[in-house]
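Engineer: need a 3D model of the following:
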Amino acid sequence: MTTEKLQDYIYEKFSKLDIEPLAADLSFIVPLEKYFDFCQFLKNDPELQFENLMCLTAVDQLENLELVVHLNSYSKRHRLAVKVRLPMDNPKIQSVTPLWPGVNWHEREAFDLYGIVFESHPDLRRILLADDWEGFPMRKNYKHWNLVPLPDDITEVTKDYPTVPSPMR
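Structural biologist: Sure thing, here's the model as predicted:
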């Protein structure tokens, strides 16, 4: 299925989705409340069969967090990306581990580094950082006491941990 046919086919079921312009893969911007249903459709529809979740990560866009999921269909030979915007102050989204069990560690990493809470995740706990770690090091507002600034960096370095609220407490 060509990218254009794939886009048209998906639009038949989810007509109001935006597409990320200039993305390498066809990239759908999905509302938070439709994320799980959209992913379930992509995996289970016989014409799509996205059986492989290749990557799940997040991007700090300053005004929000953006969850980015890359999917692949081996059997149908196509791929796409799903993007969901999450609020910075309370980033929560439904886990897709029931659809792709291998995403377990990807979601734990996004939880650990960005503070995204994946609801109904079977084992949501830190995977890279110590249990008592404060803050989320991949967020742009994160400041850590032992970071060494570059010569042209005007960011203030303090010995205080950031005031980013932790969903673990």
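
Engineer: only C-alpha atoms for contact and neighbour calcs from this point on.
Structural biologist: OK.

Engineer: report the contact partners of the closest residue to residue 77 other than its chain neighbours.
Structural biologist: Once flanking residues are discounted, residue 77 sits nearest to residue 1: 7.7 Å by Cα to Cα, 6 or more residues apart in numbering. By Cα atoms under 8 Å, 6 or more residues apart in numbering, residue 1 lies in contact with 76, 77, 78.

Engineer: specify which member of those residues is nearest to residue 18.
Structural biologist: For the contacts of residue 1, the closest approach to residue 18 (Cα to Cα) belongs to residue 78, at 19.1 Å.

Engineer: check contacts around the closest one.
Structural biologist: The contact partners of residue 78, by Cα under 8 Å, 6+ apart, come to 1, 2, 3, 72.

Engineer: which strand or helix spans residue 23?
Structural biologist: Under the criterion DSSP states H and E, no helix or strand holds residue 23.

Engineer: now do the same end-to-end measure for stretch 69-80.
Structural biologist: End-to-end span of stretch 69-80 (Cα to Cα, to the nearest Å): 8 Å.

Engineer: scratch that, stretch 13-33 is what I was asking about
Structural biologist: One end of stretch 13-33 to the other measures 15 Å (Cα to Cα).

Engineer: do the same with stretch 98-117
Structural biologist: With Cα to Cα as the measure, stretch 98-117 spans 16 Å from end to end.

Engineer: check what contacts that stretch and list those residues.
Structural biologist: Taking Cα under 8 Å, 6+ apart as the rule, stretch 98-117 contacts 39-40, 43, 51-53, 55-58, 90-93, 95-97, 118, 121-129, 135-139, 166-167.

Engineer: how about stretch 3-21?
Structural biologist: So stretch 3-21 is contacted by 26, 27, 28, 29, 30, 31, 38, 78 (Cα under 8 Å, 6+ apart).

Engineer: now the contacts of residue 78 in CSV, with distance to residue 66?
Structural biologist: Listed next are these as CSV, based on distance: Cα to Cα, whole Å:
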residue, distance to residue 66
1, 28
2, 26
3, 23
72, 20
